[in-house]
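Colleague: Sharing a sequence plus its predicted fold:
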Amino acid sequence: MRTLKTLLFAGLVLSISTVKAQSLGNTKEAIDNRKAMVVNNKQLKKDIAQLHTFKKKIIAFEEAFIAHDTKQIKVLKADILSDMKREIKQSKRKIEQDQKELKQSRRELARSKREASRHRNKRSRAHRDDVRDKRDDRRDKNDDVRDLKAQIKRTERQKEIMKTIKAYNFLAKKAPGKHKLMTNSKLLNEFAKTMEADIAATKLEIIEDKKEIIEDRRERREDRRG
């Protein structure tokens with residue numbers, strides 16, 4: 001009889017510990033998601049302002065080239081390369097952030113899988129809730145994989161464009177002026193497109209952050225109910 005009571009008590013303690021761990025995990029996830037949203041909103045404002053400035057410099061560079069203003073061409077080329085270097089540095093930080101988010105989403109998916117598998121009654125509400133959480137966490141992980149791959153691809157293209165612009169001698173008279181202007185304007189505008197893609201990705205990330213915050217609230221309600 002004493003052995004049975006001991007086993008029942010141990011089972012109760014284990015059950016309480018599991019629920020408490022689940023609740024703590026969901027709370028940490030909610031805090032992380034809110035922090036990510038704040039960071040992404042700040043980054044979005046900065047990216048939009050920097051894109052606007054970069055486009056103005058492209059126009060000024062084209063005008064200086066057409067006017068054969070060699071002094072202004074040199075100044076603007078150095079300025080544009082400085083902006084490109086800054087963007088690539090920011091892109092590398094975004095890759096690191098995406099890698100962190102992917103690690104977090106993988107941990108959350110592993111946890112939701114464990115939670116979904118612990119139910120003996122597969123028809124219980126708790127089991128259905130955990131299965132839904134697992135589905136949501138798998139979707140989040142897949143989104144993070146997609147975001148990371150896209151960010152790496154953009155960053156590599158930014159490096160290629162910067163390398164080409166840096167090596168090009170805009171003052172040389174070998175190639176026709178119109179050809180030089182068209183070729184390099186195309187590259188500069190392509191770089192601007194990568195900045196626009198970064199902005200679009202950040203906007204999408206903010207939408208995903210909002211969805212995750214809503215999911216966090218639901219999970220905490222389930223924890224209290226459980």
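Modeller: Perfect, I can see it now. Residues are numbered from 1 along each chain as shown.
Colleague: Setting aside sequence neighbours, what's the nearest residue to the residue nearest the centre of the chain?
Modeller: Centroid-nearest residue in the chain, with C-alpha atoms, centre = their mean: Asp98, separated by 4.7 Å. Spatially, and ignoring its direct neighbours in sequence, Asp98 is nearest to Leu148 (4.2 Å; C-beta to C-beta, 6 or more residues apart in numbering). Where C-beta positions appear, they are placed from N, C-alpha and C, glycine not excepted.
Colleague: The one you found: helix or strand, and which one exactly?
Modeller: helix 125-167 (DSSP states H and E).
Colleague: follow-up on the earlier one: for the residue nearest to Asp98, which residues are in contact?
Modeller: Contacts of Leu148 were listed using C-beta atoms under 8 Å, 6 or more residues apart in numbering, and they are 95, 98-99, 102.
Colleague: most surrounded residue in those residues?
Modeller: Highest neighbour count within these: Asp98, with 21 neighbours (other C-beta atoms under 10 Å).
Colleague: Is it correct that it is in contact with Arg154?
Modeller: No - counting by C-beta atoms under 8 Å, Asp98 sits too far from Arg154 to count as a contact (11.2 Å).
Colleague: roughly how far apart are the residue nearest to Asp98 and Ala36?
Modeller: 14 Å (C-beta to C-beta, to the nearest Å).
Colleague: swap in Gln97?
Modeller: 8 Å.
Colleague: again with Ser91
Modeller: From Ser91 to Ala36 the distance is 18 Å (C-beta to C-beta).
Colleague: one step back: I'd like to know which elements the one helix or strand the residue nearest to the centre of the chain maps to is packed against.
Modeller: According to DSSP H and E, Asp98 maps onto helix 70-117. For helix 70-117, the packing partners by 3 or more C-beta pairs under 8 Å, 6 or more residues apart in numbering; DSSP states H and E come out as helix 2-66, helix 125-167, helix 177-225.
Colleague: can I get those in CSV with mean pLDDT and distance to Lys74?
Modeller: CSV is the format used below for the helices and strands packed on helix 70-117 (pLDDT from 0 to 100; distance: least, C-beta to C-beta, whole Å):
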stretch, mean pLDDT, distance to Lys74
helix 2-66, 74, 9
helix 125-167, 88, 13
helix 177-225, 82, 14
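Colleague: Adding distance to Ala78, write the ones you listed out as CSV.
Modeller: Output for these, formatted as CSV (distance: least, C-beta to C-beta, whole Å):
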stretch, distance to Ala78
helix 2-66, 11
helix 125-167, 10
helix 177-225, 14
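Colleague: Could you give the number of residues near Met162?
Modeller: Neighbours around Met162, by other C-beta under 10 Å: 19.
Colleague: Repeat that for Leu204.
Modeller: 14.
Colleague: for it, what are its contacts?
Modeller: With C-beta under 8 Å, 6+ apart, Leu204 has no contacts at all.
Colleague: could you redo the last one with a cut-off of 10 Å?
Modeller: 40, 143, 146-147 (C-beta atoms under 10 Å, 6 or more residues apart in numbering).
Colleague: what would the residues you listed look like in a markdown table with distance to Ile31?
Modeller: Compiled in a markdown table, the contacts of Leu204 are given as follows (distance: C-beta to C-beta, whole Å):
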| residue | distance to Ile31 |
| --- | --- |
| Asn40 | 15 |
| Asp143 | 20 |
| Arg146 | 24 |
| Asp147 | 21 |
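Colleague: For Ile199, state which of those is nearest.
Modeller: Among the contacts of Leu204, Asn40 lies closest to Ile199 (C-beta to C-beta), at 10.9 Å.
Colleague: Perfect, I'm done here.
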